[in-house]
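Student: Kindly generate the corresponding structure for this input.
(chains A, B, C and D)
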There are 2 protein chains.
Amino acid sequence: MGGDRLYALLERLGNLLRTEERAAGLPHGLQPVHLQALRYLQSCNRYSNTPAALTEYLGLTKGTVSQTLLLLEEKGLLRKQADTEDRRVIHLLLTEAGRAVLKQALPPELFKRALAKLPGDGAALDESLTELLRALQAANAQRSFGPCGTCKHFQREGSGRFRCGLTQEPLSREDSQLLCREHEGISPGH
Amino acid sequence: MGGDRLYALLERLGNLLRTEERAAGLPHGLQPVHLQALRYLQSCNRYSNTPAALTEYLGLTKGTVSQTLLLLEEKGLLRKQADTEDRRVIHLLLTEAGRAVLKQALPPELFKRALAKLPGDGAALDESLTELLRALQAANAQRSFGPCGTCKHFQREGSGRFRCGLTQEPLSREDSQLLCREHEGISPGH
DNA sequence: TTGATTAGTATCGATTCGAAACTAAATGCG
DNA sequence: CGCATTTAGTTTCGAATCGATACTAATCAA
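Tutor: Below you'll find the model as predicted:
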């Protein structure tokens, strides 16, 4: 059946990207997981920049992620900031150095070159992958980590003013584009 | 730019599949790499079932792959067979047990369920991914590991009879569908 | 107040992985 | 032929990921 072929394709792509990621991180002394953590933290919103959210995103255990964060902090790529409301919670903020490393390392050179050679602008690929990801997350009961503005808790309050229905906090236009761990897609039935 | 988003998608998909693969291998005491090795060996041709080819396919070092193979052999999932022509070369053959494990473990359940939910039959996805993989392999100077029958060394010799232009050996119809490490795509310019 | 839950950390052992040194066979060049 | 070089594969070692488990501290619920 066709599933096998699709699976082989995805696995091979995954391996190639992982190898590239390994090479891209090497000069900075970073492993693939470290780059992935940095990339997540750069693109998530203020509810989702915590060890717990990162743990869910990466699909690892919290102990493992805690180690990863220790290393990134020692290297000065991120800093920790205690939450003012819930003192158990810690927010992870990229430093300038962290952002610089990320900008230089990801996406890897090979990937950028390949993308340039791709016939079309990759829109079809984007759409197919998004669909697959959605199906995977639906099949599992997993969080979607989608952009804030596409969530069912997202509320419009007039020109350029938004609010999160879950936390009741106001949201800026930039906020609405960041990934959120509480993200729930709008179900087609409504 | 759009590359970032595409990259994030692929990385996330890769992580999900890897997590699933880890879970699928757990009951057999196998890690993701082990399943990947088995899957490759099941679908490659007789020129490509060697440690060196597997090393290239996985993008690891030969020492690492050597360890992986040791474990798989100990578990009775594959056996080694010395090449009769070149006594340095070793061929890796799946045992019945190896094939059974593979059949049971891959693709992971989650993936199959997701595929079933996918609108359409995944043909668009297949095409997009194949294109991307081709672009990646062209951008790198990497081997393509494509099916024998789509290689520029592949020769037709009449009804159902084929030959490899590189080794001059005759090929069966089944041969022509297996992955080959010497595979070179037919360049569009010819 | 007491018990349960949640966020995060610390420690341990198993495993992957790369680097480098090594063996053995094949190849190439004088 | 003879000797250096290359290639296939193994071995050894150390660094790093990762999961499991136990732990602290804060919050929440009854």
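Student: And the residue of chain A closest to DNA strand D?
Tutor: residue A:63 (2.7 Å; C-beta to the nearest atom of the strand). All C-beta atoms are positioned from the backbone trio N, CA, C, and that covers glycine.
Student: what number of residues lie near the nearest residue in space to residue A:83 that is not next to it in sequence?
Tutor: Excluding its sequence neighbours, the residue lying closest to residue A:83 (C-beta to C-beta, 6 or more residues apart in numbering or on different chains) is residue A:89, at 3.8 Å. The tally of other residues near residue A:89 (other C-beta atoms under 10 Å in any protein chain shown) stands at 14.
Student: In contact with residue A:89, which residues?
Tutor: Going by C-beta atoms under 8 Å, 6 or more residues apart in numbering or on different chains, residue A:89 touches A:50, A:82, A:83.
Student: Neighbour-wise, give me the winner out of the residues you listed.
Tutor: residue A:50 (21 neighbours).
Student: can you pull the contacts of the residue nearest the centre of chain A?
Tutor: For chain A, the residue nearest the mean C-alpha position is residue A:40 (3.6 Å; C-alpha atoms, centre = their mean). Residue A:40 makes contacts with A:54, A:57, A:58, A:179, as judged by C-beta under 8 Å, 6+ apart.
Student: Now tell me what touches the helix or strand harbouring the second one from outside.
Tutor: Secondary-structure element containing residue A:57, defined by DSSP states H and E: helix A:51-58. Contact partners of helix A:51-58, identified using C-beta under 8 Å, 6+ apart, comprise A:33, A:36-37, A:40-41, A:44, A:47, A:61-62, A:65-66, A:69, A:90, A:92, A:143, A:145, A:181, B:12, B:15.
Student: Only the buried subset of the residues you listed, as a PyMOL command please.
Tutor: Selecting only the buried entries of the contacts of helix A:51-58 in PyMOL, with 16 or more other C-beta atoms under 10 Å in any protein chain shown as the criterion:
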select buried, (chain A and resi 33+36+37+40+41+44+47+65+69+92+143+145+181) or (chain B and resi 12+15)
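Student: So which of the contacts of helix A:51-58 sit within strands?
Tutor: A:90, A:92 (DSSP state E).
Student: For DNA strand C, tell me which of the contacts of helix A:51-58 show up nearby.
Tutor: A:62, A:66, A:69, A:90 (C-beta under 7 Å from any atom of the strand).
Student: next structured bit after the helix or strand bottoming out on mean pLDDT in chain A?
Tutor: Within chain A, no helix or strand scores below strand A:162-164, which has a mean of 71 by mean pLDDT, DSSP states H and E. With elements assigned by DSSP H and E, the helix or strand that comes after strand A:162-164 is strand A:170-171.
Student: Quick check: helices, which of the contacts of helix A:51-58 are part of them?
Tutor: Among these, the residues falling in helices (DSSP state H) are A:33, A:36, A:37, A:40, A:41, A:62, A:65, A:66, A:69, B:12, B:15.
Student: what's around the closest residue to residue A:14 other than its chain neighbours, how many residues?
Tutor: The shortest distance from residue A:14 to any non-neighbouring residue, by C-beta to C-beta, 6+ apart, is to residue B:14 (3.6 Å). Counted with other C-beta under 10 Å, residues neighbouring residue B:14 total 21.
Student: Pipe the ones next to DNA strand C among the contacts of helix A:51-58 into TSV and attach pLDDT and distance to chain B per row.
Tutor: Formatted as TSV, these follow (pLDDT from 0 to 100; distance: C-beta to the nearest C-beta, whole Å):
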residue	pLDDT	distance to chain B
A:62	92	15
A:66	94	18
A:69	95	17
A:90	94	23
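Student: Quick check: the farthest pair among those?
Tutor: Longest distance between any two of these is 12.0 Å, between A:62 and A:90; criterion C-beta to C-beta.
Student: roughly how far apart are the residue of chain A closest to DNA strand D and residue A:69?
Tutor: Distance, residue A:63 to residue A:69, using C-beta to C-beta, to the nearest Å: 11 Å.
Student: got it, and residue A:21?
Tutor: 18 Å.
Student: For chain A, what lies in contact range of DNA strand D?
Tutor: Residues of chain A lying near DNA strand D (C-beta under 7 Å from any atom of the strand): A:29, A:31, A:33-34, A:59-64, A:67-68, A:71, A:85-88.
Student: Narrow the residues you listed to those that are buried.
Tutor: Judged by 16+ other C-beta under 10 Å, buried ones among these: A:33, A:34, A:59, A:60, A:68.
Student: Just put those residues in TSV and tack on pLDDT.
Tutor: As requested, these are arranged in TSV below (pLDDT from 0 to 100):
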residue	pLDDT
A:33	93
A:34	94
A:59	85
A:60	90
A:68	94
